[in-house]
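*Asks:* next comes the sequence, and after it the predicted model I'd like to discuss.
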Amino acid sequence: MGVEHGPSAQRVWDRDAAHEEAWGASQIGPFDYVPRLGFREYWYPVAWKKEVGPKRPRYVRVLGDDVVLFRGANGQVAALTDWCPHRNARLSLGISEFPGTITCPYHGYTFDGTGQCVAGLIDSPTSPVIGKMRAKAYPTAEHQGIVYVWMGDTDPVPLEQDLPGELLDSRNRRYVRVKDWETNWTEPIAQGVDFHEGYLHRMQFSPRPMFPKEPLWARSLMNFYRAFNKNLGFFRPKLAYYGGVEIVDEAETYFVTKAKAPVFGQGFHPGVNAKWPDKVWWRKLPMSKRRTGISSNNATSAKATSLLTGKPFDHSVELPSKIRSVVMAESVHLRWMVPATADRTRVWTYTICRTPRTILGRLWQDAWYYTWRKPSIVVATNEQEDLATFMADRLRFDLPQKLGPLDAGLIYFRRHLARRSRDFQRLGGAKGTDKGLPTRTGEQRRRMAAQGQAAEQPIASG
Ligand code: FES
Ligand SMILES: [Fe+2]
(Lines give C-alpha, C1' and ligand atoms only; values in the text may rest on other atoms or scores of the structure.)
(Ligands and ions follow the chains in the order given, each with its own letter.)
Protein backbone atom coordinates (compact mmCIF):
# COMPACT_ATOMS: atom_id res chain seq x y z
CA MET A 1 0.00 0.00 0.00
CA GLY A 2 1.35 3.40 -0.97
CA VAL A 3 1.76 6.40 1.28
CA GLU A 4 -1.29 8.69 1.38
CA HIS A 5 -0.50 12.17 0.16
CA GLY A 6 -3.18 14.55 1.37
CA PRO A 7 -3.41 18.09 0.09
CA SER A 8 -1.17 19.45 2.82
CA ALA A 9 1.62 16.99 2.11
CA GLN A 10 1.34 17.97 -1.54
CA ARG A 11 1.68 21.65 -0.65
CA VAL A 12 4.81 21.19 1.42
CA TRP A 13 6.24 19.44 -1.56
CA ASP A 14 5.12 22.22 -3.94
CA ARG A 15 6.78 24.92 -1.91
CA ASP A 16 10.12 23.12 -1.66
CA ALA A 17 10.00 22.16 -5.31
CA ALA A 18 9.34 25.75 -6.39
CA HIS A 19 12.27 27.01 -4.32
CA GLU A 20 14.57 24.36 -5.70
CA GLU A 21 13.50 25.10 -9.25
CA ALA A 22 13.97 28.85 -8.80
CA TRP A 23 17.54 28.49 -7.62
CA GLY A 24 18.38 26.30 -10.60
CA ALA A 25 17.18 28.49 -13.53
CA SER A 26 13.77 27.17 -14.49
CA GLN A 27 12.46 27.21 -18.01
CA ILE A 28 8.82 26.52 -17.25
CA GLY A 29 6.81 28.31 -19.89
CA PRO A 30 4.06 30.83 -19.20
CA PHE A 31 1.42 28.56 -20.74
CA ASP A 32 2.66 25.07 -19.90
CA TYR A 33 -0.15 24.57 -17.38
CA VAL A 34 -1.68 28.04 -17.32
CA PRO A 35 -4.21 28.70 -20.09
CA ARG A 36 -3.62 31.65 -22.43
CA LEU A 37 -7.19 32.83 -22.00
CA GLY A 38 -7.66 32.07 -18.32
CA PHE A 39 -8.99 29.24 -16.18
CA ARG A 40 -12.60 28.72 -17.20
CA GLU A 41 -14.18 26.88 -14.28
CA TYR A 42 -14.64 30.10 -12.29
CA TRP A 43 -16.79 33.17 -11.81
CA TYR A 44 -15.39 36.44 -13.17
CA PRO A 45 -16.51 40.07 -12.72
CA VAL A 46 -17.67 41.38 -16.09
CA ALA A 47 -19.64 44.63 -15.70
CA TRP A 48 -21.40 47.01 -13.36
CA LYS A 49 -25.07 46.16 -13.15
CA LYS A 50 -25.99 49.79 -13.82
CA GLU A 51 -24.27 49.58 -17.21
CA VAL A 52 -26.87 47.09 -18.40
CA GLY A 53 -29.98 49.08 -19.24
CA PRO A 54 -33.58 47.85 -19.41
CA LYS A 55 -33.51 48.35 -23.19
CA ARG A 56 -29.84 48.52 -24.07
CA PRO A 57 -27.74 45.39 -23.79
CA ARG A 58 -24.01 45.50 -23.13
CA TYR A 59 -21.26 43.68 -24.94
CA VAL A 60 -18.28 42.24 -23.07
CA ARG A 61 -15.41 40.05 -24.13
CA VAL A 62 -14.57 37.50 -21.47
CA LEU A 63 -11.94 34.76 -21.78
CA GLY A 64 -12.08 35.14 -25.54
CA ASP A 65 -15.86 34.70 -25.65
CA ASP A 66 -18.18 37.37 -27.03
CA VAL A 67 -20.92 37.82 -24.47
CA VAL A 68 -24.04 39.97 -24.42
CA LEU A 69 -25.52 41.11 -21.10
CA PHE A 70 -29.13 42.21 -20.81
CA ARG A 71 -31.92 42.35 -18.26
CA GLY A 72 -33.48 38.90 -18.00
CA ALA A 73 -36.32 37.70 -15.77
CA ASN A 74 -36.97 39.93 -12.70
CA GLY A 75 -34.44 42.47 -13.95
CA GLN A 76 -31.53 40.15 -13.13
CA VAL A 77 -28.70 40.50 -15.62
CA ALA A 78 -28.55 37.56 -18.03
CA ALA A 79 -25.62 36.58 -20.25
CA LEU A 80 -25.73 34.87 -23.65
CA THR A 81 -23.22 34.33 -26.40
CA ASP A 82 -23.23 37.45 -28.54
CA TRP A 83 -23.65 35.39 -31.70
CA CYS A 84 -27.28 34.86 -32.59
CA PRO A 85 -27.90 31.14 -33.24
CA HIS A 86 -29.97 31.96 -36.34
CA ARG A 87 -27.27 33.27 -38.67
CA ASN A 88 -24.73 34.62 -36.19
CA ALA A 89 -25.39 38.35 -36.09
CA ARG A 90 -24.41 40.23 -32.93
CA LEU A 91 -27.18 40.22 -30.35
CA SER A 92 -25.50 43.14 -28.57
CA LEU A 93 -26.45 45.36 -31.52
CA GLY A 94 -30.10 44.62 -30.84
CA ILE A 95 -32.35 45.87 -28.04
CA SER A 96 -34.60 44.41 -25.39
CA GLU A 97 -37.93 44.79 -27.22
CA PHE A 98 -39.77 42.99 -24.41
CA PRO A 99 -38.87 42.80 -20.71
CA GLY A 100 -36.56 39.92 -19.90
CA THR A 101 -35.53 39.27 -23.51
CA ILE A 102 -33.14 40.38 -26.23
CA THR A 103 -34.06 40.67 -29.90
CA CYS A 104 -31.50 40.12 -32.62
CA PRO A 105 -31.08 43.17 -34.88
CA TYR A 106 -31.04 41.11 -38.07
CA HIS A 107 -34.27 39.10 -38.36
CA GLY A 108 -35.83 39.76 -35.00
CA TYR A 109 -35.62 36.38 -33.35
CA THR A 110 -36.01 36.97 -29.64
CA PHE A 111 -34.34 35.12 -26.77
CA ASP A 112 -34.93 34.94 -23.04
CA GLY A 113 -32.32 34.86 -20.30
CA THR A 114 -31.88 31.10 -20.61
CA GLY A 115 -31.05 31.50 -24.31
CA GLN A 116 -34.33 29.98 -25.46
CA CYS A 117 -35.88 31.49 -28.60
CA VAL A 118 -39.30 32.77 -27.50
CA ALA A 119 -40.47 34.70 -30.58
CA GLY A 120 -39.76 35.05 -34.28
CA LEU A 121 -41.09 38.54 -34.86
CA ILE A 122 -41.06 38.59 -38.66
CA ASP A 123 -41.12 34.83 -39.04
CA SER A 124 -44.53 34.15 -37.56
CA PRO A 125 -46.20 34.10 -34.15
CA THR A 126 -46.25 30.33 -34.46
CA SER A 127 -42.71 29.93 -35.81
CA PRO A 128 -41.57 26.32 -35.49
CA VAL A 129 -38.13 27.38 -34.23
CA ILE A 130 -39.63 28.84 -31.03
CA GLY A 131 -38.63 26.53 -28.23
CA LYS A 132 -36.12 24.77 -30.48
CA MET A 133 -33.47 27.37 -31.32
CA ARG A 134 -31.23 28.18 -28.39
CA ALA A 135 -28.31 30.52 -27.70
CA LYS A 136 -25.58 29.47 -25.30
CA ALA A 137 -26.33 30.96 -21.87
CA TYR A 138 -23.83 31.69 -19.09
CA PRO A 139 -24.87 31.54 -15.43
CA THR A 140 -24.77 35.00 -13.83
CA ALA A 141 -24.78 36.36 -10.30
CA GLU A 142 -24.62 39.82 -8.78
CA HIS A 143 -22.78 41.13 -5.76
CA GLN A 144 -22.55 44.74 -4.59
CA GLY A 145 -23.57 46.12 -7.97
CA ILE A 146 -21.16 43.99 -9.99
CA VAL A 147 -22.25 41.27 -12.42
CA TYR A 148 -20.28 38.02 -12.32
CA VAL A 149 -20.43 35.36 -15.03
CA TRP A 150 -19.60 31.64 -14.69
CA MET A 151 -17.38 30.73 -17.63
CA GLY A 152 -17.10 27.01 -16.89
CA ASP A 153 -18.29 23.91 -18.68
CA THR A 154 -19.28 22.21 -15.45
CA ASP A 155 -21.90 23.28 -12.90
CA PRO A 156 -21.21 26.59 -11.16
CA VAL A 157 -20.12 26.74 -7.55
CA PRO A 158 -21.76 29.35 -5.29
CA LEU A 159 -20.40 32.78 -6.22
CA GLU A 160 -19.07 33.28 -2.68
CA GLN A 161 -16.49 30.56 -3.26
CA ASP A 162 -14.77 32.63 -5.92
CA LEU A 163 -15.25 36.13 -4.49
CA PRO A 164 -12.36 37.68 -2.60
CA GLY A 165 -13.15 36.81 1.02
CA GLU A 166 -12.71 40.43 2.14
CA LEU A 167 -15.76 41.41 0.09
CA LEU A 168 -17.93 39.03 2.09
CA ASP A 169 -17.01 40.64 5.40
CA SER A 170 -19.70 43.15 6.28
CA ARG A 171 -17.18 45.23 8.24
CA ASN A 172 -15.43 46.15 5.00
CA ARG A 173 -16.10 48.57 2.16
CA ARG A 174 -14.37 48.80 -1.18
CA TYR A 175 -13.37 51.12 -4.00
CA VAL A 176 -13.21 49.64 -7.48
CA ARG A 177 -11.36 50.70 -10.60
CA VAL A 178 -11.82 48.93 -13.93
CA LYS A 179 -9.30 49.35 -16.70
CA ASP A 180 -8.17 47.49 -19.82
CA TRP A 181 -4.48 46.65 -20.00
CA GLU A 182 -2.81 45.62 -23.24
CA THR A 183 -1.20 42.43 -22.08
CA ASN A 184 -1.89 38.79 -21.47
CA TRP A 185 -3.65 38.26 -18.11
CA THR A 186 -0.74 36.28 -16.72
CA GLU A 187 1.58 39.28 -16.74
CA PRO A 188 -0.33 41.34 -14.14
CA ILE A 189 -0.50 38.10 -12.13
CA ALA A 190 3.23 37.56 -12.46
CA GLN A 191 3.96 41.08 -11.40
CA GLY A 192 1.93 40.51 -8.25
CA VAL A 193 4.66 38.15 -7.03
CA ASP A 194 7.76 38.97 -9.08
CA PHE A 195 8.99 41.81 -6.82
CA HIS A 196 9.69 44.13 -9.75
CA GLU A 197 8.87 47.01 -7.40
CA GLY A 198 12.47 47.15 -6.30
CA TYR A 199 13.47 48.33 -9.75
CA LEU A 200 10.55 49.42 -11.90
CA HIS A 201 8.71 51.13 -9.03
CA ARG A 202 11.80 52.35 -7.32
CA MET A 203 10.24 55.70 -6.87
CA GLN A 204 13.16 57.86 -7.75
CA PHE A 205 13.29 61.39 -8.88
CA SER A 206 14.52 60.85 -12.34
CA PRO A 207 14.69 63.22 -15.29
CA ARG A 208 14.82 60.20 -17.61
CA PRO A 209 11.64 58.43 -18.56
CA MET A 210 11.53 54.88 -17.24
CA PHE A 211 9.99 53.65 -20.45
CA PRO A 212 9.62 55.02 -23.98
CA LYS A 213 7.09 57.79 -24.43
CA GLU A 214 6.38 58.12 -20.73
CA PRO A 215 4.44 61.35 -20.40
CA LEU A 216 6.11 63.98 -18.26
CA TRP A 217 2.95 64.49 -16.22
CA ALA A 218 3.03 60.86 -15.14
CA ARG A 219 6.58 61.14 -13.84
CA SER A 220 5.83 64.46 -12.13
CA LEU A 221 2.75 63.04 -10.46
CA MET A 222 4.70 60.06 -9.19
CA ASN A 223 7.53 62.24 -7.96
CA PHE A 224 5.09 64.50 -6.18
CA TYR A 225 3.34 61.69 -4.36
CA ARG A 226 6.53 59.96 -3.44
CA ALA A 227 8.22 63.02 -2.01
CA PHE A 228 5.31 63.53 0.34
CA ASN A 229 4.92 59.91 1.26
CA LYS A 230 3.78 59.78 4.84
CA ASN A 231 6.74 57.66 5.85
CA LEU A 232 9.04 60.12 4.12
CA GLY A 233 10.52 57.14 2.40
CA PHE A 234 12.57 59.38 0.18
CA PHE A 235 14.94 60.15 3.04
CA ARG A 236 15.22 56.62 4.41
CA PRO A 237 17.41 53.77 3.18
CA LYS A 238 15.92 51.98 0.25
CA LEU A 239 15.98 48.41 -0.79
CA ALA A 240 19.21 47.44 -2.49
CA TYR A 241 18.30 43.84 -3.29
CA TYR A 242 15.80 41.18 -2.28
CA GLY A 243 18.05 38.15 -1.92
CA GLY A 244 15.48 36.02 -3.72
CA VAL A 245 11.82 35.33 -3.07
CA GLU A 246 10.26 32.61 -0.96
CA ILE A 247 6.83 31.11 -0.54
CA VAL A 248 5.75 31.60 3.04
CA ASP A 249 2.17 30.38 3.03
CA GLU A 250 0.15 27.96 0.91
CA ALA A 251 -3.47 26.95 0.76
CA GLU A 252 -5.64 25.14 -1.75
CA THR A 253 -6.47 28.26 -3.77
CA TYR A 254 -3.61 30.66 -3.07
CA PHE A 255 -0.04 31.13 -1.96
CA VAL A 256 1.89 33.99 -0.38
CA THR A 257 5.41 35.15 -1.17
CA LYS A 258 7.93 37.37 0.55
CA ALA A 259 11.41 38.72 -0.10
CA LYS A 260 13.89 36.17 1.20
CA ALA A 261 16.79 38.24 2.51
CA PRO A 262 16.28 41.91 1.70
CA VAL A 263 19.21 44.29 2.11
CA PHE A 264 18.78 48.05 2.36
CA GLY A 265 21.19 50.75 1.33
CA GLN A 266 23.68 49.60 -1.27
CA GLY A 267 24.88 46.37 -2.81
CA PHE A 268 28.29 45.79 -4.37
CA HIS A 269 28.15 43.99 -7.69
CA PRO A 270 31.55 42.57 -8.65
CA GLY A 271 30.55 41.93 -12.26
CA VAL A 272 30.30 45.67 -12.85
CA ASN A 273 32.73 46.56 -10.06
CA ALA A 274 30.27 49.07 -8.65
CA LYS A 275 27.86 49.78 -5.87
CA TRP A 276 24.19 50.08 -6.69
CA PRO A 277 22.40 52.36 -6.11
CA ASP A 278 25.32 54.70 -6.54
CA LYS A 279 24.27 57.61 -4.32
CA VAL A 280 22.54 57.22 -0.99
CA TRP A 281 23.98 60.11 0.98
CA TRP A 282 20.65 61.85 1.50
CA ARG A 283 18.91 58.73 2.76
CA LYS A 284 19.89 59.44 6.34
CA LEU A 285 16.69 59.06 8.36
CA PRO A 286 16.52 55.81 10.35
CA MET A 287 14.48 52.95 8.93
CA SER A 288 10.80 53.35 9.62
CA LYS A 289 9.62 51.19 12.53
CA ARG A 290 6.52 50.33 10.56
CA ARG A 291 8.62 48.79 7.88
CA THR A 292 9.65 45.17 7.59
CA GLY A 293 11.78 46.00 4.61
CA ILE A 294 9.90 43.91 2.15
CA SER A 295 8.92 46.04 -0.73
CA SER A 296 10.76 49.11 -1.90
CA ASN A 297 10.12 52.64 -0.77
CA ASN A 298 6.90 52.56 1.18
CA ALA A 299 7.33 48.91 2.00
CA THR A 300 4.72 46.75 3.59
CA SER A 301 4.11 47.69 7.17
CA ALA A 302 5.15 45.31 9.89
CA LYS A 303 1.65 45.60 11.28
CA ALA A 304 0.01 44.96 7.95
CA THR A 305 -2.25 41.97 8.28
CA SER A 306 -4.66 40.49 5.85
CA LEU A 307 -8.22 41.74 6.27
CA LEU A 308 -9.15 38.22 5.28
CA THR A 309 -7.10 36.01 7.56
CA GLY A 310 -5.72 38.47 10.11
CA LYS A 311 -2.28 37.06 9.35
CA PRO A 312 0.56 39.20 8.07
CA PHE A 313 1.12 38.78 4.40
CA ASP A 314 2.95 40.21 1.49
CA HIS A 315 2.36 39.47 -2.17
CA SER A 316 -0.02 36.66 -3.02
CA VAL A 317 -1.81 35.00 -5.91
CA GLU A 318 -5.27 33.46 -5.61
CA LEU A 319 -7.12 31.39 -8.19
CA PRO A 320 -8.30 31.99 -10.77
CA SER A 321 -6.53 35.33 -11.40
CA LYS A 322 -6.32 37.55 -8.33
CA ILE A 323 -3.30 39.10 -6.70
CA ARG A 324 -3.07 40.89 -3.38
CA SER A 325 -0.49 43.19 -1.97
CA VAL A 326 -0.86 45.06 1.28
CA VAL A 327 0.56 48.47 0.70
CA MET A 328 -0.64 49.79 4.02
CA ALA A 329 -1.99 48.18 7.13
CA GLU A 330 -5.48 49.61 6.70
CA SER A 331 -6.28 48.26 3.29
CA VAL A 332 -5.92 45.45 0.83
CA HIS A 333 -4.90 46.16 -2.72
CA LEU A 334 -6.46 43.38 -4.75
CA ARG A 335 -6.42 43.02 -8.49
CA TRP A 336 -8.63 40.59 -10.37
CA MET A 337 -7.56 39.97 -13.94
CA VAL A 338 -10.27 39.09 -16.45
CA PRO A 339 -8.74 37.95 -19.74
CA ALA A 340 -10.50 39.47 -22.74
CA THR A 341 -8.23 38.28 -25.55
CA ALA A 342 -4.79 36.67 -25.41
CA ASP A 343 -3.27 40.15 -25.24
CA ARG A 344 -5.89 42.30 -23.58
CA THR A 345 -7.01 42.06 -19.96
CA ARG A 346 -9.73 43.88 -18.07
CA VAL A 347 -8.28 44.59 -14.66
CA TRP A 348 -10.59 45.08 -11.67
CA THR A 349 -8.69 46.73 -8.84
CA TYR A 350 -10.50 46.44 -5.52
CA THR A 351 -9.17 48.56 -2.70
CA ILE A 352 -10.80 47.03 0.37
CA CYS A 353 -10.80 48.78 3.75
CA ARG A 354 -12.47 48.48 7.10
CA THR A 355 -15.53 50.74 7.15
CA PRO A 356 -14.93 53.64 9.55
CA ARG A 357 -17.57 54.00 12.26
CA THR A 358 -18.36 57.68 11.72
CA ILE A 359 -19.37 59.70 8.68
CA LEU A 360 -16.29 61.84 9.18
CA GLY A 361 -14.16 58.72 9.16
CA ARG A 362 -15.72 57.60 5.92
CA LEU A 363 -15.18 61.00 4.32
CA TRP A 364 -11.56 60.91 5.43
CA GLN A 365 -11.19 57.47 3.88
CA ASP A 366 -12.72 58.73 0.63
CA ALA A 367 -10.25 61.59 0.61
CA TRP A 368 -7.41 59.14 1.26
CA TYR A 369 -8.50 56.96 -1.62
CA TYR A 370 -9.23 59.62 -4.20
CA THR A 371 -6.34 61.97 -3.49
CA TRP A 372 -3.66 59.51 -2.48
CA ARG A 373 -4.19 55.81 -3.08
CA LYS A 374 -5.86 55.97 -6.45
CA PRO A 375 -3.56 58.52 -8.13
CA SER A 376 -0.31 57.27 -6.60
CA ILE A 377 -0.75 53.50 -6.58
CA VAL A 378 -3.63 52.49 -8.79
CA VAL A 379 -2.91 54.97 -11.58
CA ALA A 380 0.69 56.22 -11.36
CA THR A 381 2.27 52.96 -10.30
CA ASN A 382 0.05 50.24 -11.73
CA GLU A 383 -1.13 51.92 -14.87
CA GLN A 384 1.59 54.40 -15.85
CA GLU A 385 4.87 53.01 -14.60
CA ASP A 386 3.88 49.48 -15.56
CA LEU A 387 3.43 50.59 -19.14
CA ALA A 388 7.03 49.43 -19.48
CA THR A 389 5.34 46.08 -20.09
CA PHE A 390 1.58 46.64 -20.29
CA MET A 391 1.36 47.81 -23.85
CA ALA A 392 1.30 45.96 -27.11
CA ASP A 393 4.75 44.96 -28.30
CA ARG A 394 6.58 45.54 -25.02
CA LEU A 395 6.87 41.99 -23.77
CA ARG A 396 7.29 38.69 -25.59
CA PHE A 397 5.60 35.49 -24.52
CA ASP A 398 6.87 33.40 -27.41
CA LEU A 399 10.58 33.49 -26.56
CA PRO A 400 12.06 31.17 -23.93
CA GLN A 401 12.29 32.58 -20.41
CA LYS A 402 14.76 31.74 -17.68
CA LEU A 403 13.29 32.05 -14.25
CA GLY A 404 15.51 32.53 -11.22
CA PRO A 405 15.41 33.36 -7.50
CA LEU A 406 13.10 36.36 -7.97
CA ASP A 407 10.61 34.07 -9.66
CA ALA A 408 9.91 31.43 -7.02
CA GLY A 409 6.33 32.71 -6.81
CA LEU A 410 5.90 32.73 -10.55
CA ILE A 411 7.19 29.17 -10.81
CA TYR A 412 4.83 28.15 -8.06
CA PHE A 413 1.92 29.72 -9.93
CA ARG A 414 2.82 28.23 -13.29
CA ARG A 415 3.57 24.73 -12.09
CA HIS A 416 1.71 24.09 -8.85
CA LEU A 417 -1.18 26.49 -8.29
CA ALA A 418 -2.25 26.04 -11.94
CA ARG A 419 -2.70 22.34 -11.32
CA ARG A 420 -4.81 22.95 -8.27
CA SER A 421 -7.23 25.00 -10.38
CA ARG A 422 -10.79 23.83 -10.80
CA ASP A 423 -10.08 23.22 -14.51
CA PHE A 424 -7.53 20.58 -13.55
CA GLN A 425 -9.59 19.24 -10.65
CA ARG A 426 -12.77 18.89 -12.68
CA LEU A 427 -11.65 18.42 -16.26
CA GLY A 428 -8.16 17.03 -15.82
CA GLY A 429 -6.57 20.06 -17.47
CA ALA A 430 -7.19 23.50 -18.92
CA LYS A 431 -7.97 24.58 -22.48
CA GLY A 432 -5.28 26.70 -24.08
CA THR A 433 -2.31 25.19 -22.24
CA ASP A 434 0.73 23.61 -23.86
CA LYS A 435 1.15 20.65 -21.51
CA GLY A 436 -2.06 20.19 -19.55
CA LEU A 437 -5.03 19.93 -21.86
CA PRO A 438 -8.37 18.72 -20.45
CA THR A 439 -8.95 14.99 -20.48
CA ARG A 440 -12.73 15.21 -20.23
CA THR A 441 -15.64 17.55 -20.89
CA GLY A 442 -18.12 19.03 -18.46
CA GLU A 443 -20.69 16.58 -19.74
CA GLN A 444 -18.41 13.59 -19.06
CA ARG A 445 -17.71 14.91 -15.59
CA ARG A 446 -21.43 15.19 -14.87
CA ARG A 447 -21.96 11.64 -16.06
CA MET A 448 -19.13 10.32 -13.91
CA ALA A 449 -20.44 12.20 -10.91
CA ALA A 450 -23.92 10.78 -11.50
CA GLN A 451 -22.45 7.28 -11.55
CA GLY A 452 -20.73 7.99 -8.25
CA GLN A 453 -17.23 7.91 -9.69
CA ALA A 454 -14.58 10.24 -8.37
CA ALA A 455 -14.74 13.04 -10.90
CA GLU A 456 -12.03 15.11 -9.26
CA GLN A 457 -8.67 14.49 -10.78
CA PRO A 458 -5.85 13.70 -8.37
CA ILE A 459 -3.00 16.20 -8.72
CA ALA A 460 -0.07 14.66 -10.53
CA SER A 461 3.22 15.10 -8.75
CA GLY A 462 5.91 15.95 -11.20
S1 FES B 1 -29.15 36.39 -37.37
FE2 FES B 1 -30.21 36.82 -35.59
S3 FES B 1 -32.26 36.78 -36.22
FE4 FES B 1 -31.19 36.23 -38.00
FE1 LIG C 1 4.05 47.06 -11.22
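*Replies:* It's in. Ligands and ions are numbered 1, 2, ... in the order given.

*Asks:* list phi and psi for the residue in the chain that ligand 2 sits nearest to.
*Replies:* Per CB to the ion, the residue of the chain with the smallest distance to ligand 2 is D386, at 4.2 Å. No exception for glycine: its C-beta is placed from N, CA and C like everyone else's. Backbone torsions of D386, given as degrees, to the nearest 10, read phi -70, psi 0.

*Asks:* show me what from the stretch 301-450 of the chain comes close to ligand 1.
*Replies:* By CB under 6 Å from any ligand atom, no part of the stretch 301-450 of the chain sits against ligand 1.

*Asks:* residue ranges of the strands in the stretch 301-450 of the chain, please?
*Replies:* Ranges of strands in the stretch 301-450 of the chain, per DSSP state E, counting those that start in this stretch, are 315-318, 322-325, 331-341, 344-354.

*Asks:* check the stretch 101-250 of the chain too.
*Replies:* Using DSSP E, counting those that start in this stretch, strands in the stretch 101-250 of the chain cover 101-103, 109-112, 117-120, 137-138, 140-143, 146-150, 172-181, 239-241, 245-250.

*Asks:* relative to E330, which of those is closest?
*Replies:* strand 172-181 (10.9 Å; CB to CB).

*Asks:* run through this structure and note the low-pLDDT ranges.
*Replies:* Residue ranges of the chain with pLDDT under 70: 1-12, 203-214, 218-219, 222-223, 225-233, 288-313, 326-329, 454-462.

*Asks:* V317 against V193, yeah?
*Replies:* Yes: checked against CB atoms under 8 Å, the pair V317 and V193 is within contact range at 5.7 Å.

*Asks:* the more surrounded of these two?
*Replies:* Shown here are V317 and V193; by other CB atoms under 10 Å, V193 has more neighbours (28 against 23).

*Asks:* excluding its backbone neighbours, what's nearest that one?
*Replies:* G409 (3.2 Å; CB to CB, 6 or more residues apart in numbering).

*Asks:* neighbours of the one you found, how many?
*Replies:* 29.

*Asks:* spell out which parts of the stretch 251-400 of the chain neighbour ligand 2.
*Replies:* Within the stretch 251-400 of the chain, the positions near ligand 2 by CB under 5 Å from the ion are D386.

*Asks:* would you map the helices across the stretch 251-400 of the chain?
*Replies:* 359-368 (DSSP state H, counting those that start in this stretch).

*Asks:* cool, and the stretch 1-150 of the chain?
*Replies:* Under DSSP H, counting those that start in this stretch, the stretch 1-150 of the chain gives helices at 7-22.

*Asks:* residues of it that sit close to ligand 1?
*Replies:* C84, H86, R87, A89, C104, Y106, H107, G108, Y109.

*Asks:* widest-spaced pair of the residues you listed?
*Replies:* R87 and G108 (12.1 Å).

*Asks:* the more surrounded of the two?
*Replies:* G108 (15 against 10).

*Asks:* wait, the more buried one touches G120, no?
*Replies:* Yes: applying CB under 8 Å as the test, G108 and G120 come out as touching, 7.0 Å apart.

*Asks:* how's the chain carved up into domains?
*Replies:* 1-42+158-434, 54-151 (automatic domain parsing).

*Asks:* and the shortest one, how far from the chain's centre?
*Replies:* Spelled out, it's domain 54-151. Distance, stretch centre to chain centre, for domain 54-151: 27 Å (CA atoms, centre = their mean, to the nearest Å).

*Asks:* what's the first-to-last distance across that domain?
*Replies:* From the first residue to the last, domain 54-151 extends over 24 Å; the measure is CA to CA, to the nearest Å.

*Asks:* OK, contacts around the residue nearest to L121 when sequence neighbours are not counted?
*Replies:* Distances taken as CB to CB, 6+ apart place G108 nearest to L121, at 3.5 Å, with adjacent residues excluded. Contact partners of G108, counting by CB atoms under 8 Å, 6 or more residues apart in numbering, are A119, G120, L121, I122, D123.

*Asks:* check E51 too.
*Replies:* The contact partners of E51, by CB under 8 Å, 6+ apart, come to R58.

*Asks:* so how far is ligand 1 from it?
*Replies:* 23 Å (CB to the nearest ligand atom, to the nearest Å).

*Asks:* try A430
*Replies:* 32 Å.

*Asks:* now do V248
*Replies:* From V248 to ligand 1 the distance is 54 Å (CB to the nearest ligand atom).

*Asks:* residues contacting that residue?
*Replies:* So V248 contacts V256, T257, K258, F313, D314 (CB under 8 Å, 6+ apart).

*Asks:* ok, what's across the strand from the second one?
*Replies:* Which is T257. Counting by DSSP bridges, T257 is bridged to I247, H315.

*Asks:* wait, isn't it in contact with D314?
*Replies:* Yes: the pair formed by T257 and D314 meets the contact definition of CB under 8 Å, at 6.3 Å.

*Asks:* more neighbours: which of these two?
*Replies:* Neighbours per residue (other CB under 10 Å) separate T257 from D314, with T257 holding more: 27 against 24.

*Asks:* got a list of what the more buried one touches?
*Replies:* V193, F195, V245, E246, I247, V248, D314, H315, S316, A408, G409, Y412.

*Asks:* run a quick neighbour tally on R171.
*Replies:* 9.

*Asks:* R36 too?
*Replies:* 21.

*Asks:* bridging residues for the nearest residue in space to L159 that is not next to it in sequence?
*Replies:* Nearest residue to L159 in three dimensions, chain neighbours excluded: A141, at 4.2 Å (CB to CB, 6+ apart). A141 has these beta-bridge partners by DSSP bridges: Y148.

*Asks:* contacting residues for A141?
*Replies:* W43, V147, Y148, W150, L159.

*Asks:* make TSV from those and add neighbour count and distance to M391 to it.
*Replies:* Shown next, in TSV, are these (neighbours: other CB atoms under 10 Å; distance: CB to CB, whole Å):
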residue	neighbour count	distance to M391
W43	23	29
V147	24	28
Y148	22	28
W150	21	31
L159	16	33
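
*Asks:* looking at those residues, which one is closest to G452?
*Replies:* The closest of the contacts of A141, once distances to G452 are taken by CB to CB, is W150, at 24.6 Å.

*Asks:* my guess is the closest one meets W43, correct?
*Replies:* Yes: counting by CB under 8 Å, W150 touches W43, with 5.4 Å between them.
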